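Student: Based on what follows, work out the 3D shape:
(one chain, ligands or ions: 2)
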Amino acid sequence: MVELSPSVLSCNFANPIADIKKIKTDKLKMLHLDVMDGMFVPNISFGFKFIKDLRKNCDYFFDTHLMIEEPIRYIEEFQKSGSDLITIHYEACKDVESTIKKIKSFGIKAGISLKPNTKVEEITKYLDMVDLVLVMSVEPGFGGQKFIENSHQKIRELREYIDNNNLDVKIEVDGGIKTTNVEKVISDGADIIVSGSDIFAKEDINGQVLKYYELFNN
Ligand code: DX5
Ligand code: ZN
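Tutor: Numbers count the residues shown, from 1 in each chain. Ligands and ions are numbered 1, 2, ... in the order given. Model (predicted):
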């Protein structure tokens, strides 16, 4: 079962819930929430108040992607705001293991993410502690960028490692995914597809979500 996680970063921030409510299909279960601090990445997006307010207005599984330095400082706030899964960046943590443990201590799911230039072997030792690994297929910071082709290889390497070691870890892929390239990403072994601009910047948002699910062929 492949799942879609549309990125709210591409919504109209003056009224994000209006864009989200355009999705009528019950196939969609989750939303991707990109938190940026202007330090780990050269952009600032939103924080826990924004997520908390969304939480009051929809029931989707909240897939929170923290692109912030030393995320351990804010795990509790993001959990309280309604995140069901918190993904931190390997490159942003002094102590990756403690950060993952802190997320798990709140009884929610934990993910680890790697930037395009980080090698798979740097993060494999953490895979038995997490529920998800997030492969960044663009440099984190902005929506609407072009998919970096060597991500295919990384997804394949992770798929092989996870299967060979019988790990219960989902592979999520984020950045530059469109209906035109998603099938290859799935054949590489992705379980969760993040897509921002190819969903919320479209005229027919619900139709676009349905198009993805048709391609997933679940
Ligand atoms: C980028 C974010 C992505 C972004 C994806 O740093 O992590 O989730 O919203 O946007 P698209 O799908 O437009 O590349
Ligand atoms: Zn993201």
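
Student: and the nearest residue to Gln145 once chain neighbours are set aside, what element?
Tutor: For Gln145, the nearest residue in space outside its immediate sequence neighbours is Val138; the separation is 4.0 Å by Cβ to Cβ, 6 or more residues apart in numbering. To be clear about C-beta, it is placed using only N, CA and C from the backbone, and glycine gets the same treatment. Val138 is part of no helix or strand, with elements assigned from DSSP states H and E.

Student: Next one: Val138 from ligand 2, what distance?
Tutor: 9 Å (Cβ to the ion, to the nearest Å).

Student: what do you get for Gly141?
Tutor: 10 Å.

Student: May I have the secondary structure class of that residue?
Tutor: When classified by DSSP: H, G, I helix; E, B strand; the rest coil, Gly141 comes out as coil.

Student: on that earlier part again, just to check, the residue nearest to Gln145 is in contact with Glu149?
Tutor: No - under the criterion of Cβ atoms under 8 Å, Val138 is not in contact with Glu149, lying 11.3 Å apart.

Student: Neighbour count for these two, which is higher?
Tutor: Just comparing Val138 and Glu149: by other Cβ atoms under 10 Å the higher neighbour count belongs to Val138, 19 against 11.

Student: how near is the more buried one to Leu66?
Tutor: Per Cβ to Cβ, to the nearest Å, Val138 is found 17 Å from Leu66.

Student: One more: Glu122?
Tutor: To Leu66, Glu122 is 18 Å away according to Cβ to Cβ.

Student: Same drill for these two, tell me which one is more crowded.
Tutor: Set side by side, Glu122 and Leu66 show more neighbours around Leu66, with 27 against 12, by other Cβ under 10 Å.

Student: ok, how many other residues are close to Ser5?
Tutor: 27.

Student: Please name the nearest non-neighbouring residue to it.
Tutor: That would be His32: by Cβ to Cβ, 6+ apart, it lies 4.0 Å from Ser5.
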